[in-house]
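Peer 1: Only the shape, not the letters, is given here:
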C-alpha cells in the first residue's frame, strides 16, 4: 500500500480554499490502495495532521515521526493553491529530495503562475489574448499611456495570484490608482488588460492515458462585474456545464485549450480561462492546481464527463511515480 501525503495550505490568502480542496481530494483517494495523510504547509509550520494531532515535517526528507516511528511518503498529492505550491517552489524541493509529486513540474508551475510570462510564451504559438501592459512596483508608469494602450474599461490584476484576489475592473481613469494599490497588496507585479466583451469559459484539461483530454467547458455567468472571489466561492455566479455553445465553437475551444496545454508541455490537472469574442477564444490564464472544494469548477466538469475522481487521482499518482527524476536520469 502506497503511503501518500495530501498536501494543502500555502502562504497566500488562498490557503483557506486549499484546505477545503484537500478534503475532497483526500476522500477521493481509494483507502484500499493508499495509506493517506493530510499534510499542512502553512506559515506557522509544516506538519502532518492525524486525528487532530500535529506532527512536524522534517524538511530534509519530508518525513515525520509518530510514536517513535519515522514515516516516509511514496508520493505527494499536491493541492496547495498559490505560493509555494502552485508557483514551482515546492515542486523544485520535492524534485531535489527525489519525492514523486502530482501535477506539472517546477518550470511549468512557475511559468503558468506568472500570467505575463505564460501569455508571452503562448503568443508564440498563435493563441489569442487581450492587450496588456505590465507594471512593476519599483518602476515608473504613466496612467495616460497605459489607458491609451488597453482602453477603458480594463482589468488591473496581480501578475502572480489566484482565486481572483486583488483584481479590479476599472471603468474610469480615477479608479485606476485605487485598483493598482489593491493589486500591489497581492503582488509586486501587476498586469493591466483590455476588457474583452464576450462569454467567459473555464476549460478543464488533463493528461490521461498518454493523451491530452479536455474534461469539460464551463460557462461563467457572474452576478458581479466579473468572476471575482465572491462570485467564485460565495455563490455570486452561475457555472453552467457544459457551456451553452454551438458545436463549432465548442470544438474550437477544445482545440485551443489542448494546444495551450501541449505547447507548455503540461502534465497533471489544469483549468484554463478564456473569453470568447466574435467566436474566437482569447486566453486569460492557466491554473495548474485548480480548486477542488465543493464550489469548484473542475469537479463539476469531471462529474459531467463521467470521470470518477478516484480514477483521476489513481492516474495522477501513477504519472507522478513514473516521472523521470531530473537528477537520477
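Peer 2: Cool, the structure landed. Quantities reported herein were computed from a predicted structural model and do not represent experimental measurements.

Peer 1: correct me, but residue 8 touches residue 41?
Peer 2: Yes: contact status for residue 8 versus residue 41: in contact at 7.4 Å, counting by Cβ atoms under 8 Å. C-betas here are computed from N, CA, C, even on glycine.

Peer 1: These two - which one has more neighbours?
Peer 2: residue 8 (29 against 21; other Cβ atoms under 10 Å).

Peer 1: is the more buried one in a bridge, and if so with what?
Peer 2: With DSSP bridges applied, residue 8 shows beta-bridge pairing to residue 40.

Peer 1: Might you list the low-confidence residue ranges for the stretch 101-250 of the chain?
Peer 2: Across the stretch 101-250 of the chain, the ranges flagged by pLDDT under 70 are 162-164, 224-236.

Peer 1: now with 80?
Peer 2: 161-165, 222-237 (pLDDT under 80).

Peer 1: which residues in it form strands?
Peer 2: In the stretch 101-250 of the chain, the strands defined using DSSP state E, counting those that start in this stretch lie at 132-136, 154-158, 168-170, 189-194, 199-208, 211-222, 237-240.

Peer 1: can you list those strands in TSV and add mean neighbour count?
Peer 2: Shown next, in TSV, are the strands of the stretch 101-250 of the chain (neighbours: other Cβ atoms under 10 Å):
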stretch	mean neighbour count
strand 132-136	18
strand 154-158	24
strand 168-170	19
strand 189-194	22
strand 199-208	23
strand 211-222	18
strand 237-240	16
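
Peer 1: Residue 266 is nearest to which of those strands?
Peer 2: Ranking the strands of the stretch 101-250 of the chain by their distance to residue 266 (criterion: Cβ to Cβ) puts strand 199-208 first, at 7.0 Å.

Peer 1: Based on its surroundings, how many neighbours for residue 262?
Peer 2: Neighbours around residue 262, by other Cβ under 10 Å: 13.

Peer 1: I'd like to know which of the strands of the stretch 101-250 of the chain lies nearest to residue 277.
Peer 2: Nearest to residue 277, of all the strands of the stretch 101-250 of the chain, is strand 199-208, at 8.7 Å by Cβ to Cβ.

Peer 1: got a markdown table for the strands of the stretch 101-250 of the chain, with distance to residue 303 too?
Peer 2: Shown next, in a markdown table, are the strands of the stretch 101-250 of the chain (distance: least, Cβ to Cβ, whole Å):
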| stretch | distance to residue 303 |
| --- | --- |
| strand 132-136 | 34 |
| strand 154-158 | 30 |
| strand 168-170 | 31 |
| strand 189-194 | 31 |
| strand 199-208 | 11 |
| strand 211-222 | 9 |
| strand 237-240 | 12 |
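
Peer 1: quick one: which of those is nearest residue 32?
Peer 2: Closest to residue 32 of the strands of the stretch 101-250 of the chain is strand 199-208 (Cβ to Cβ; 21.6 Å).

Peer 1: what's in contact with the closest one?
Peer 2: 212-220, 222, 227, 239, 243, 245, 253-254, 257-258, 260-261, 266-276, 281, 290, 297-298, 301-302, 312, 315, 319 (Cβ atoms under 8 Å, 6 or more residues apart in numbering).

Peer 1: likewise stretch 294-304?
Peer 2: Contact partners of stretch 294-304, identified using Cβ under 8 Å, 6+ apart, comprise 20-21, 24, 202, 204, 215-218, 232-233, 235, 239, 241-242, 269, 271, 290-292, 308-309, 312.

Peer 1: Do me a favour and average the pLDDT over the helix or strand hosting residue 310.
Peer 2: Element membership for residue 310 (DSSP states H and E) is helix 309-322. For helix 309-322, mean pLDDT is 95.

Peer 1: Next, the angle from that helix to strand 199-208.
Peer 2: Put simply, helix 309-322 runs at 60 degrees to strand 199-208, going by axes from the mean of the first three to the mean of the last three Cα atoms, to 10 degrees.

Peer 1: same for helix 309-322, what does it pack against?
Peer 2: Other helices and strands packing on helix 309-322, by 3 or more Cβ pairs under 8 Å, 6 or more residues apart in numbering; DSSP states H and E, are helix 15-28, strand 75-78, strand 199-208, helix 297-305.

Peer 1: Now tell me what touches the first one from outside.
Peer 2: Residues external to helix 15-28 that are found in contact with it (Cβ under 8 Å, 6+ apart): 6-10, 36, 38, 40, 42, 77, 79-82, 85, 163, 233, 291-294, 296, 299, 309-310, 312-313.
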